[in-house]
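In: sequence and computational prediction follow.
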Amino acid sequence: MKRYKVVITSGALNDANAIFDYITASNPRAAAKTVQAFRARIRSLATMPQRYSLAPENDSLDHGEIRHMHHGRYRIIYAIEKHNVLILEIRHGARLPRGH
């Protein structure tokens, strides 16, 4: 089975930190659990990242194939480029995709 290198962009890291800070204000334990879950989901993309659907952003971003997975109310948006999976964004599902 092919394995991909998973790379988290600085933008996605900033997103995760902002989500952590927001949740921490009301529930520090939930914030820690949410970030741990993001990490586990992201690590799982090292194998079969194509198992998730194409993201609405697929036509508007200058990367390879743009896909997304859901975790609770959040979307993890990533690109598959050759042997890499680039984590581009972690955003609340209520936010509109870029370009809309």
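Out: Everything's here; your move. Treat the numbers as computed from the prediction; the structure is a model and nothing was measured.

In: what are the bridge partners for E89, then?
Out: Residues in a beta bridge with E89, per DSSP bridges, are I77.

In: how about it, what does it touch?
Out: Contacts here follow Cβ atoms under 8 Å, 6 or more residues apart in numbering; on that basis E89 touches 11-12, 15, 75-77. To be clear about C-beta, it is placed using only N, CA and C from the backbone, and glycine gets the same treatment.

In: out of those, who's the most crowded?
Out: Highest neighbour count within those: I77, with 26 neighbours (other Cβ atoms under 10 Å).

In: residues touching it, list them.
Out: 55, 57, 66-68, 87-91.

In: now with 6 Å?
Out: By Cβ atoms under 6 Å, 6 or more residues apart in numbering, I77 lies in contact with 55, 68, 88-89.

In: quick one: least confident of these?
Out: By pLDDT, A55 ranks lowest within these, coming in at 91.

In: give me the phi and psi for that residue.
Out: Per-residue torsions, A55: phi -90, psi 150 (degrees, to the nearest 10).

In: how close does it sit to T24?
Out: 27 Å (Cβ to Cβ, to the nearest Å).
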